[in-house]
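**Q** Test case, fold it:
(chains A, B, C and D, ligands or ions: 6)
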Amino acid sequence: MKKYIIDFKVLENKKLNDQNTILVLQSDEKLPEILAGQFVEVLVEDSPSTFLRRPFSVHNVDFHENTLSLFIKIAGIGSKKLTNIEVGENLNLIFPLGNGFSIPNEGSALLIGGGCGIGPLLFLAKCLMENNVEPHIILGGRSKEDIFEVHEYSKYGTVHITTDDGSLGEKGFVTKHTIIDDPDIKFDIIYTCGPEIMMKAVAKMAKSKGIECEVSLENTMACGIGACLCCVTETIDGNKCVCTEGPVFNINDLKWQI
Amino acid sequence: MKKYIIDFKVLENKKLNDQNTILVLQSDEKLPEILAGQFVEVLVEDSPSTFLRRPFSVHNVDFHENTLSLFIKIAGIGSKKLTNIEVGENLNLIFPLGNGFSIPNEGSALLIGGGCGIGPLLFLAKCLMENNVEPHIILGGRSKEDIFEVHEYSKYGTVHITTDDGSLGEKGFVTKHTIIDDPDIKFDIIYTCGPEIMMKAVAKMAKSKGIECEVSLENTMACGIGACLCCVTETIDGNKCVCTEGPVFNINDLKWQI
Amino acid sequence: MADLKIKINQLEFKNPVLTASGTFGYGLEFDDFFDVNLLGGILVKATTNAKREGNPYPRMAETASGMLNAVGLQNKGVDYFVNEIYPLIKGYQTNVIANVSGSTIEDYIVVAEKMNELENIPAIELNISCPNVKQGGMAFGTSCASAQEVTKAIRKVYSKTLIVKLSPNVTNIAEIAKAVESEGADSVSLINTLLGMAINAETRKPILSTVTGGLSGPAIKPIALRMVWQVSKAVNIPIIGLGGIMNATDAIEFFLAGATAIQIGTANFIDPTVSLKVVNGINEYLDRHKFASINDIIGKLEVKN
Amino acid sequence: MADLKIKINQLEFKNPVLTASGTFGYGLEFDDFFDVNLLGGILVKATTNAKREGNPYPRMAETASGMLNAVGLQNKGVDYFVNEIYPLIKGYQTNVIANVSGSTIEDYIVVAEKMNELENIPAIELNISCPNVKQGGMAFGTSCASAQEVTKAIRKVYSKTLIVKLSPNVTNIAEIAKAVESEGADSVSLINTLLGMAINAETRKPILSTVTGGLSGPAIKPIALRMVWQVSKAVNIPIIGLGGIMNATDAIEFFLAGATAIQIGTANFIDPTVSLKVVNGINEYLDRHKFASINDIIGKLEVKN
Ligand SMILES: Cc1cc2nc3c(=O)[nH]c(=O)nc-3n(C[C@H](O)[C@H](O)[C@H](O)COP(=O)(O)OP(=O)(O)OC[C@H]3O[C@@H](n4cnc5c(N)ncnc54)[C@H](O)[C@@H]3O)c2cc1C
Ligand SMILES: Cc1cc2nc3c(=O)[nH]c(=O)nc-3n(C[C@H](O)[C@H](O)[C@H](O)COP(=O)(O)OP(=O)(O)OC[C@H]3O[C@@H](n4cnc5c(N)ncnc54)[C@H](O)[C@@H]3O)c2cc1C
Ligand SMILES: Cc1cc2nc3c(=O)[nH]c(=O)nc-3n(C[C@H](O)[C@H](O)[C@H](O)COP(=O)(O)O)c2cc1C
Ligand SMILES: Cc1cc2nc3c(=O)[nH]c(=O)nc-3n(C[C@H](O)[C@H](O)[C@H](O)COP(=O)(O)O)c2cc1C
Ligand code: FES
Ligand code: FES
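**A** Numbering: from 1, shown residues only, chains lettered A, B, ... in the order given. Ligands and ions are numbered 1, 2, ... in the order given. Predicted structure coming up:
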């Protein structure tokens, strides 16, 4: 897919809390095709400690309004700067980057997200719905403060919630949600994004049930376009770049011990 | 004089034009004594290319309001950032730095400024007036667009203007202004600040007339407090630091060929 | 429109702006962004004799105005390059230059011999300065004797333009440059990355899997400039300067210090179109200062004595 | 409140935070800002045998996350130091350490002998690594033989704690460290500045009067960390680490890499109180990670094999 470098205008900065923000960005130009699971590389200007661009998954896209949104959790200086950006300012993006999730033609899918890993799942749910796949979405967090935008996800699928402390939804880990063992639903595919430990648990669960499973990996990236080879992950075919051959991988291709 | 490190709040950002700005800064704490001719070192945060602080002369001080103002001309990235700073933001200053102009006890003084060199002259005129010295101020520029704040200077002395193109005041260089040869006024001292070539012309004129002359020098500074020895200028006593032994020098101490 | 053409050995470059090995893939990764044929040349990523998996993850750490990398010459080997990559890139209308790396002199020789056969690869850059591999690599570039030895061996088997890429991790880079010049190198390129290290204070672990890695970016520009200047006083062959170039002004500084051409590395990651902007910026500078040709500023730093 | 005390040779430091020579004047310049007695030590600016005017203006250039300086050891000579400066600083309740520089071995010897007599100067730092002087200076620090020679000569005349400050402008800093250790150095401090250069593209002139100068600041931190790590594997004497330390986190990285103490240089220019903040930050780190003493983290980088 052709990649672009475009200046977007910040249309909205929705602070979810002091750690998480959704930035809605608008382009003057018509947006090209973008797949669920792809990401962008954002230039964070004027900061000595954010020399390189920062990768963020596409949270949502509106092709009519030419808007693209990012779900940003503060991890350090760059992400912090972004959560404080003001409406009207410009952000320079390279996109769309990486592969996307595979979208089946029918059936139902289970989406499991934790932390800022819920980022790519909204656009994924939307794309699944538009392809007549029924999305069930489990959002997990430590407590209810970690669960965001339920109404948004509900637009495209059925939302289920787990929290470690039981303050919202079912108490416990995402892999223990009752929907997973619901005899009435047969999931054709499971997608997950979030902390590595969670993704590994999901992968294990999927494997034990014999369900296809795709994960979206993170990695330290310098270029995001396959030029530097900094972002490799070990696969059964050797080192692969997360930025061009991922970030979405089928768990069968990874060398995870699960 | 004891030096302080204090956060000031930007009270006003008076853009004079796209090149020049006056920043009025306010401190919560009571301002210490500050002499005309002294300078401050400003921290320009969050910029990879302004690693070190930036020196600016004290343009004015109001000890009742605890405000200190700076006259800033854009020279590069740091000064540009400062001219765009917003009211309410904080600026961290180290001050007061350097020596000051000598203030006689009576008589009249001629102040000659060009470009951003008019910076320290406002506070100087004020201090002179308060010490019963009569200030005459020549402001020079290429054209009338380079002449600022005449009403402010007029509060503390008589303002005279020269422009290269004659668009305001007398046409020609500052050293040719008719006030200089006015038989009715005997200047006891001449102060000058501006481009080196102008200051040298003023120094030459002062010398030829046998009038004391003090100049305020610039230099590339790393620390501003005498710790790095980066800012030396040649004097008859060897290399001296502009930041601690200047920025004001009597022309008799410099090794200028005039 | 000033004349931007330069020559290294007999090889002509339409302009002096090249991209640095390991930071521009095979050029193909940048086709979406601009016409890479507008550049003077492309240094493609390192090729070794055998396939190399490179170092384990993590391979990158960001530092103040720079980055460390520990890629470790990941590539599929020279045969894969010849059979699979070369067909894709041989059509470029610019100088595509191979970066030849190895662990032993024999390795270098095999790769150079094979590159010599490729019609549309008019030059190689001998990488004797990679800090990210356990054997060979930088070791060849840190003593005059070994730099000389490998250059001599390659000069025998490689008949086209031979550029030797020098390591900055040395006491006297001018001596090394002279040593490779004496063995018939047509040009030297400098600098490769400086050996550095990053630590995560919270986890008390090194950030890179290899502990140390190569530092690049604007942080190293002052060192690179100084080395280009020193080498330009020492050798007569043309110098290709690189290290931290982010824009045309940086590039001009390298020309003034004595570089005939420049390479752009890390900056490609931040703005994939930067190299083209540098070409245009150099042109604009020359016009503004009324220089007819880039050759009018090469080595023209005005130094008082 | 963790135990911050460290020892170098027999000399005790109340904490491992010192200020770097040439960046903290004689300490006096900072009295307005905080009580410098709260630091582990102060390295005062270089002292040479004869008075030196230093280099002509301009002496400073700002670079990406760093600066170049070309001060050139300006100072009024050792006799002036003994008679005029020492009385002002001998009352400090912290380790005041002299930085001894020279152009010839004889020069170093004279200064070291005179420093040996000063009761309240418990140590000297032998600066064999200054890149900003035409003769001597860095030359002594770039070969094992000359580093050894000057260390040996000074060890004979100087009986207190002898720290040798190493140059990073070398192929193998660990070898140089071993060489000075073998001649009786009690400690090595590293790194001094990296030789760099800055050019004004518009005027086509060097920015520094001396063309080249010494690079310091965060830009060089990755290189400094790597060198401390390499030297810590090579010698048994304590290492004082410096180069680009801006805050407590940076300092912790140096301890993990193997430094027993650290120095803060360029950062003093940006925040004159930074060294005290670093002391407090180290303490906070140790408490948070439940280490009883700074000694629990020195050299404790966890590296997989
Ligand atoms: C393909 C991809 C998609 C991502 N999508 C999202 C998203 O939708 N929302 C979101 O909040 N975050 C996302 N991330 C993570 C995000 O890129 C990092 O949080 C961000 O780059 C950190 O920058 P910083 O300047 O805030 O942190 P820094 O101060 O640079 O570092 C803080 C911490 O983050 C780690 N880190 C820094 N850079 C990266 C990087 N490039 N990749 C991974 N970890 C890094 C550092 O090791 C450090 O531990 C994604 C990462 C990748 C690779
Ligand atoms: C004692 C003193 C008082 C000053 N007072 C004023 C004032 O009242 N108003 C005002 O507008 N300017 C004043 N200056 C000049 C001002 O400090 C510089 O214009 C400013 O530091 C440039 O920073 P920059 O980031 O904008 O420019 P940069 O991008 O860093 O550089 C732009 C140009 O300015 C020069 N420059 C950079 N730093 C300095 C420096 N520290 N000293 C001198 N030249 C420098 C550079 O060589 C370059 O040519 C004063 C300087 C000194 C030393
Ligand atoms: C990610 C990365 C990979 C690199 N790989 C190579 C390589 O394979 N061969 C080589 O000679 N240099 C390699 N280099 C070094 C660059 O070509 C260049 O010498 C160095 O980065 C300095 O230039 P810069 O500061 O413009 O990046 C690599 C640099 C980076 C950042
Ligand atoms: C302006 C300046 C002057 C210096 N003078 C000396 C000196 O006289 N003697 C010395 O050994 N090192 C001198 N240095 C080097 C510092 O002590 C230190 O080794 C170097 O700056 C790296 O540390 P930093 O990055 O924390 O500044 C000087 C550095 C600077 C910036
Ligand atoms: S980030 Fe550069 S190859 Fe993936
Ligand atoms: S700027 Fe450091 S001594 Fe003057």
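
**Q** for chain A, what are the low-confidence residue spans?
**A** A:46-49 (pLDDT under 70).

**Q** got it, and the stretch 201-305 of chain C?
**A** Counting by pLDDT under 70, the stretch 201-305 of chain C shows low-confidence ranges at C:305.

**Q** what residues does it put near chain A?
**A** C:Gly217, C:Pro218, C:Thr266, C:Asn268, C:Phe269, C:Ile270, C:Asp271, C:Pro272, C:Thr273 (C-beta under 8 Å from any C-beta of the partner chain). Where you see a C-beta, it was placed from the backbone N, CA and C, and this is true even at glycine.

**Q** from those residues, which is closest to ligand 4?
**A** For these, the closest approach to ligand 4 (C-beta to the nearest ligand atom) belongs to C:Pro218, at 16.0 Å.

**Q** Spatially, what comes nearest to that closest one if we skip its sequence neighbours?
**A** D:Ala64 (3.5 Å; C-beta to C-beta, 6 or more residues apart in numbering or on different chains).

**Q** wait, that neighbour sits on C:Ser65?
**A** Yes. Under the criterion of C-beta atoms under 8 Å, D:Ala64 makes contact with C:Ser65 at 3.9 Å.

**Q** how many neighbours does the residue of the stretch 1-150 of chain C found nearest ligand 4 have?
**A** Residue of the stretch 1-150 of chain C nearest ligand 4, by C-beta to the nearest ligand atom: C:Ala64 (10.6 Å). Counted with other C-beta atoms under 10 Å in any protein chain shown, residues neighbouring C:Ala64 total 24.

**Q** That one against D:Ala219, yeah?
**A** Yes. Between C:Ala64 and D:Ala219 a contact is recorded at 5.8 Å, counting by C-beta under 8 Å.

**Q** Check whether C:Gly244 sits in a helix, strand or coil.
**A** Assigned with DSSP: H, G, I helix; E, B strand; the rest coil, C:Gly244 falls in the coil class.

**Q** residues in contact with the closest residue to it other than its chain neighbours?
**A** In space, and not counting its chain neighbours, C:Gly244 is closest to C:Lys221: 3.1 Å by C-beta to C-beta, 6+ apart. By C-beta atoms under 8 Å, 6 or more residues apart in numbering or on different chains, the contact list for C:Lys221 reads C:Gly243, C:Gly244, C:Ile245, C:Asp250, C:Glu253, D:Thr63, D:Ala64.

**Q** what's the distance between the second one and ligand 4?
**A** I take that to be C:Gly244. Distance, C:Gly244 to ligand 4, by C-beta to the nearest ligand atom, to the nearest Å: 17 Å.

**Q** thinking again about what came up before, so the residue nearest to C:Gly244: helix, strand or coil?
**A** Put simply, C:Lys221 is helix when judged by three-state DSSP.

**Q** measure it to C:Trp229 for me?
**A** Per C-beta to C-beta, to the nearest Å, C:Lys221 is found 12 Å from C:Trp229.

**Q** and if you look at A:Gly78?
**A** Relative to C:Trp229, A:Gly78 is positioned 35 Å away (C-beta to C-beta).

**Q** of those two, who's got more company?
**A** More crowded of A:Gly78 and C:Trp229, by other C-beta under 10 Å: C:Trp229, with 27 against 21.

**Q** Past the helix or strand that contains the more buried one, which element shows up next along the chain?
**A** Using DSSP states H and E, C:Trp229 maps to helix C:221-234. Counting by DSSP H and E, the element after helix C:221-234 in chain order, helix or strand, is strand C:239-241.

**Q** Sheet-wise, list the partners of that next one with their directions.
**A** Within its sheet, and counting by DSSP bridges, strand C:239-241 is paired with strand C:187-190 (parallel), strand C:261-264 (parallel).

**Q** just how off-centre is the next helix or strand after the first one within its chain?
**A** Following strand C:187-190 in sequence order, the next helix or strand is strand C:194-197 (DSSP H and E). Taking C-alpha atoms, centre = their mean, to the nearest Å, one finds strand C:194-197 lying 17 Å from the centre of the chain it belongs to.

**Q** Direction included, what does strand C:194-197 pair up with?
**A** Here, using DSSP bridges, strand C:194-197 pairs with strand C:212-216 (antiparallel).

**Q** Could you check the angle the partner strand makes with helix C:221-234?
**A** Interaxial angle, strand C:212-216 versus helix C:221-234 (axes from the mean of the first three to the mean of the last three C-alpha atoms, to 10 degrees): 80 degrees.

**Q** Got the phi and psi for the residue of the stretch 1-150 of chain C closest to ligand 4?
**A** phi -60, psi 120 (degrees, to the nearest 10).

**Q** For C:Gly217, see how far away it is.
**A** 9 Å.

**Q** list residues touching both of these two?
**A** In contact with both C:Ala64 and C:Gly217: A:Phe51, using C-beta under 8 Å, 6+ apart.

**Q** Verify the stated contact: A:Asp253 with A:Ile236.
**A** Yes. Between A:Asp253 and A:Ile236 a contact is recorded at 5.8 Å, counting by C-beta under 8 Å.

**Q** Those two: who's more crowded?
**A** Taking other C-beta under 10 Å, A:Asp253 and A:Ile236 do not tie; A:Asp253 has more neighbours (16 against 9).

**Q** Enumerate every residue touching that one.
**A** A:Thr235, A:Ile236, A:Asp237.

**Q** likewise A:Thr233?
**A** With contact set as C-beta under 8 Å, 6+ apart, A:Thr233 has these partners: A:Leu217, A:Asn219, A:Asn239, A:Lys240, A:Val242, A:Gly246, A:Phe249, A:Leu254, C:Tyr57.

**Q** Tell me what C:Leu11 is bridged to.
**A** C:Ile8.

**Q** And it, what's its pLDDT?
**A** On the pLDDT scale, C:Leu11 is placed at 97.

**Q** ditto for C:Phe140
**A** pLDDT for C:Phe140: 84.

**Q** Could you find the closest non-adjacent residue to it?
**A** Counting by C-beta to C-beta, 6+ apart, C:Ile128 is the residue found nearest to C:Phe140 once chain neighbours are left out, at 3.8 Å.

**Q** residues contacting the one you found?
**A** C:Gly137, C:Met138, C:Phe140, C:Gly141, C:Ser146, C:Ala147, C:Val150, C:Thr151, C:Val164, C:Lys165, C:Leu166, C:Ser167.

**Q** Let's see which of those end up in helices.
**A** The members of those that map onto helices under DSSP state H are C:Ser146, C:Ala147, C:Val150, C:Thr151.

**Q** which other residues reach the lengthiest strand in chain A?
**A** Ranked by residue count and defined by DSSP state E, the top strand of chain A is strand A:4-15. With contact meaning C-beta under 8 Å, 6+ apart, strand A:4-15 is reached by A:21-29, A:32, A:67-68, A:83, A:85-96, C:32-33, C:271-273.

**Q** ok, A:Ser216 - how many residues close by?
**A** There are 29 residues near A:Ser216, going by other C-beta under 10 Å.

**Q** That one is in contact with A:Leu35, isn't it?
**A** No. A:Ser216 is beyond contact range of A:Leu35, at 11.9 Å (criterion: C-beta under 8 Å).

**Q** and for those two, which residues touch both?
**A** A:Phe101.

**Q** thinking again about what came up before, any idea how far the residue nearest to C:Phe140 lies from chain B?
**A** According to C-beta to the nearest C-beta, to the nearest Å, C:Ile128 stands 32 Å off from chain B.

**Q** so what's that residue scoring on pLDDT?
**A** 92.

**Q** Likewise for the one 3 residues further on?
**A** Reading off the per-residue confidence, C:Pro131 sits at a pLDDT of 73.

**Q** what's the distance between it and A:Met221?
**A** C:Pro131 is 21 Å from A:Met221, by C-beta to C-beta.

**Q** Neighbour count: those two, which is higher?
**A** Comparing C:Pro131 with A:Met221 by other C-beta under 10 Å, the one with more neighbours is C:Pro131, at 27 against 23.
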